[in-house]
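[1] here's a sequence, model it:
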Amino acid sequence: MVTMREVAEAAGVSRATASYALRGDPRIIPKTAEKVMRAARDLQYTTNLTAKSLRSGKSGIIGVAIFELDKPYPSEMSAAVSREAAKNGFQAIIQQTSNSKESEISILQKVTSQLCDGTIFSPGNVTSEEIKELAGGKPIVLLDSTSLSPLFDTVLTPSEDGAHDAIEHLLKIGCRNILILGADFGILQKPDQKMTVSARRLRGCKRAFDEVGMSFTHDNVVDTPDWGTETARRTIHNLVQSGRHFDGLFCMTDSMSLGAIRSLADSGIRVPDDVRVIGFDGINEGDFSVPSLSTIEVDLHDLAQKSIELLARRIDGDTTSIPQSVTAEYRLIERESTSMQR
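    Below is the predicted model:
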């Protein structure tokens, strides 16, 4: 195995300089850093991760465990976190959590506790108490934690305020028969579900209705088994076939909005002429759909930056401060699907 000393000798620098250069230390001038990098490539040098971990107690690796990586929003979010991790000197291992508790337990036991300095985790089936036990004392930052008494730092998506602004937008452009797709109205009456994404988005919807004196009932909300594109397409098809009328549609995700728009088009209902549609997330596909999709765009750079900052602080030794809960920034993007022109 090629050693750091051999790389240093090939580059004509000290071992310390070679080490700093390979870590990307800004104190090493670009010309010298390039010499070291070239020598490392020529010698096919690779870092001995085990030795590095033994010396420093840290691997420089963080885990990122996210649901449904085959869907646009989780995929784009993971990419943003990976970019931000690299900017802060970490390498990110991206993993997909499945709809099983066993999968989440396996990630925490086999990756987080054994390999990573810390993990950004999107929990679905394990509780905060179980995460604490399984993580082996490693720092954890949760994404959209549903815990009412957080044990870990948490970064939330702007669900309540974003949903409020989506409904407010539909109301301002004249919609009065608004449908919300992808949530269970009854969740508002379940205290233990208060912090779920669905509940927070429904609270935002209700607040917007309340502000203009409109009633918000179960008739405004249509539940679905998941937030997939095909599920939204089928649900809207069935609603239209049953004679359901609405002039505004807010979908819990952009992926659902795209399925809904397709279904409306198949039924001869024009968007935005007959129904105006807005989604949530801000995925790239929304800019290229026909019509282009109005959305609540989550600032993924901000979400990633806040996640990495919280995790890095814990990795650097802050174990005493109470868990923080911060929310990512967002913006309303108005596109063709809610155009004012009839």
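
[2] please enumerate the strands of this structure.
    61-67, 91-97, 118-121, 140-143, 153-156, 178-181, 221-222, 248-251, 276-281, 294-298, 325-327, 330-333 (DSSP state E).

[3] so for Met4, which of those sits nearest?
    Shortest distance between Met4 and the strands of the chain, using Cβ to Cβ, is found for strand 91-97: 18.2 Å. C-beta coordinates here come from the backbone N, C-alpha and C atoms, glycine included.

[4] please work out which residues outside the closest one touch it.
    60-70, 78, 81-82, 85-86, 103-104, 107, 111, 115-116, 122, 124 (Cβ atoms under 8 Å, 6 or more residues apart in numbering).

[5] of these, which belong to helices?
    78, 81-82, 85-86, 103-104, 107 (DSSP state H).

[6] which one of the residues you listed is nearest Asp42?
    Using Cβ to Cβ, those come closest to Asp42 at Ala86, 23.7 Å.

[7] let me see the contact set for that closest one.
    Ala86 neighbours (Cβ under 8 Å, 6+ apart): Ala92.

[8] so how far is Leu300 from it?
    15 Å (Cβ to Cβ, to the nearest Å).

[9] give me the number of neighbouring residues for Asp219.
    If you count neighbours by other Cβ atoms under 10 Å, Asp219 ends up with 11.

[10] next: Gly213.
    Gly213: 6 neighbours (other Cβ under 10 Å).

[11] and for the spatially closest residue to Glu336 that is not a sequence neighbour, the neighbour number?
    Excluding the flanking residues, the one nearest Glu336 by Cβ to Cβ, 6 or more residues apart in numbering is Pro291, at 3.4 Å. Here the count is done by other Cβ under 10 Å, and Pro291 has 18 residues near it.

[12] and Asp153, by the same measure?
    Asp153, neighbours per other Cβ under 10 Å, totals 25.

[13] what do you get for the one 4 residues further on?
    Counted by other Cβ under 10 Å, the residues lying close to Thr157 total 23.

[14] go on, Thr320?
    5.

[15] quick check on it: phi, psi?
    Main-chain dihedrals, Thr320, degrees, to the nearest 10: phi -110, psi -30.

[16] oh, and call the first residue 53 from now on, that's how I've got it
    Happy to do that; since the first residue is 53 now, the last one works out to Thr372.

[17] hang on, the earlier thing: now a ChimeraX select for only the buried ones of the contacts of strand 143-149.
    Buried subset of those, written as a ChimeraX selection, criterion 16 or more other Cβ atoms under 10 Å:
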select :112,113,114,115,116,117,118,119,120,130,133,134,137,155,156,159,163,167,168,174,176
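
[18] report the two of the ones in helices among the contacts of strand 143-149 separated the most.
    Top of the distance list for the ones in helices among the contacts of strand 143-149 (Cβ to Cβ): Ala138 and Ser155, 25.9 Å.

[19] show me what contacts the residue nearest to Glu388?
    313, 323-324, 387-389, 391 are the contacts of Pro343 under Cβ under 8 Å, 6+ apart.

[20] same thing but at 7 Å, please
    For Pro343, the contact set (Cβ atoms under 7 Å, 6 or more residues apart in numbering) comprises 323-324, 388-389.

[21] ditto for Thr390
    221-222, 225, 324, 328-330, 346.

[22] would TSV of these with neighbour count and pLDDT be doable?
    Conversion of the contacts of Thr390 to TSV gives the following (neighbours: other Cβ atoms under 10 Å; pLDDT from 0 to 100):
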residue	neighbour count	pLDDT
His221	20	98
Leu222	24	98
Ile225	17	97
Pro324	23	97
Arg328	26	98
Val329	28	98
Ile330	30	98
Ser346	27	98
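
[23] would you map out the domains in the chain?
    According to automatic domain parsing, the chain is divided into the following domains: 56-99, 111-209+352-381, 211-350+383-390.

[24] from the chain's centroid, how far away is the shortest one?
    For domain 56-99, the distance between its averaged C-alpha position and the chain's averaged C-alpha position is 36 Å (Cα atoms, centre = their mean, to the nearest Å).

[25] same question for it, mean pLDDT?
    Confidence over domain 56-99 (mean pLDDT, whole number) is 85.

[26] before we move on, what about the second one?
    The average of the pLDDT scores along domain 111-209+352-381 is 89.

[27] mind listing the helices for this structure?
    56-63, 67-74, 82-95, 101-108, 124-139, 153-159, 180-186, 211-224, 249-263, 281-293, 306-318, 352-367.
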